[in-house]
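1. Take a look and give me a structure for this.
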Amino acid sequence: MTLHEELLARLGDPGMEQMAEMLGTDQAAARTVLRAASGVIVGGLARNTDDLDSAEALRAALDDHTDADPFNGDVASLARDGQNILGHVLGGRGTEEAAAVISRLAGVAPAALMEILPLTAPMIMTLVATRAAEHDMDAEEVTDLLAVEAAAVPEGLGDLVAGVLDGIYGESPSPQVGTRPRPRVEW
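-> Okay, the predicted model is just below:
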């Protein structure tokens, strides 16, 4: 089961109903939003682990999420944690860009996505942390996991997710002349 599938399974119907209500849409559109959001977050984590220092910083940050349960937690603290995660992974402007693109895809307001993304980020971190802990993964193994998961973007969303990430990071994992500086993970 991919992280994207596990996210939807852990939310279940009650969680999907809440997400749909927050988005002002139906559950099918909410699923699309969550698939795209998880793709962007996982892809951002993967792009931020292209060097050993960043990978080790992320691996250490995962330890803070191993015992967390964002699927049953306090929404306010979840959102604060999510804002911090998104700041590390996408940067403020990157988060806004992701919200704008995903909102157009699903036909929902960008402001609603700015509420959903911070709730989704800690869920993804917890899922990655749980897998890393269960398999006693080091930083390089977490990097490999994220690369596999980033490639497993749900059907039909690969180009959208790649476009969002390319807009944030540039087309290659390394910064190039003429591209905006990419956010760096410094947990």
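2. In this structure, where is pLDDT below threshold?
-> Segments of the chain classed as low confidence (criterion: pLDDT under 70) are 172-187.
3. same thing but 50
-> Screening the chain residue by residue with the criterion pLDDT under 50, one finds the ranges 173-185.
4. The residue nearest in space to the middle of it: what secondary structure?
-> Centrality entry for the chain: nearest residue to the mean C-alpha point is residue 41, 1.9 Å, by Cα atoms, centre = their mean. Of the three states, residue 41 takes helix under DSSP: H, G, I helix; E, B strand; the rest coil.
5. Hmm, residue 124 and it touching each other?
-> Yes - taking Cβ atoms under 8 Å as the contact criterion, residue 41 and residue 124 are neighbours in contact, 4.8 Å apart. Heads up, the C-betas are built off the backbone N, CA and C, glycines and all.
6. Please name the residues that touch the residue nearest to the centre of the chain.
-> For residue 41, the residues meeting the contact criterion (Cβ atoms under 8 Å, 6 or more residues apart in numbering) are 85, 86, 89, 90, 117, 120, 121, 124.
7. Take those and lay them out in CSV including distance to residue 130, neighbour count and secondary structure.
-> Formatted as CSV, the contacts of residue 41 follow (distance: Cβ to Cβ, whole Å; neighbours: other Cβ atoms under 10 Å; DSSP: H, G, I helix; E, B strand; the rest coil):
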residue, distance to residue 130, neighbour count, secondary structure
85, 15, 26, helix
86, 20, 26, helix
89, 18, 27, helix
90, 22, 29, coil
117, 21, 24, helix
120, 16, 26, helix
121, 15, 30, helix
124, 11, 27, helix
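8. Just put those in a markdown table and tack on distance to residue 134.
-> What follows is the contacts of residue 41, written out as a markdown table (distance: Cβ to Cβ, whole Å):
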| residue | distance to residue 134 |
| --- | --- |
| 85 | 21 |
| 86 | 25 |
| 89 | 22 |
| 90 | 26 |
| 117 | 26 |
| 120 | 21 |
| 121 | 21 |
| 124 | 16 |
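9. so which of these would you say is closest to residue 109?
-> The shortest separation between residue 109 and any of those is 12.9 Å, and it belongs to residue 117 (by Cβ to Cβ).
10. and the gap between that closest one and residue 69?
-> Taking Cβ to Cβ, to the nearest Å as the measure, residue 117 falls 19 Å from residue 69.
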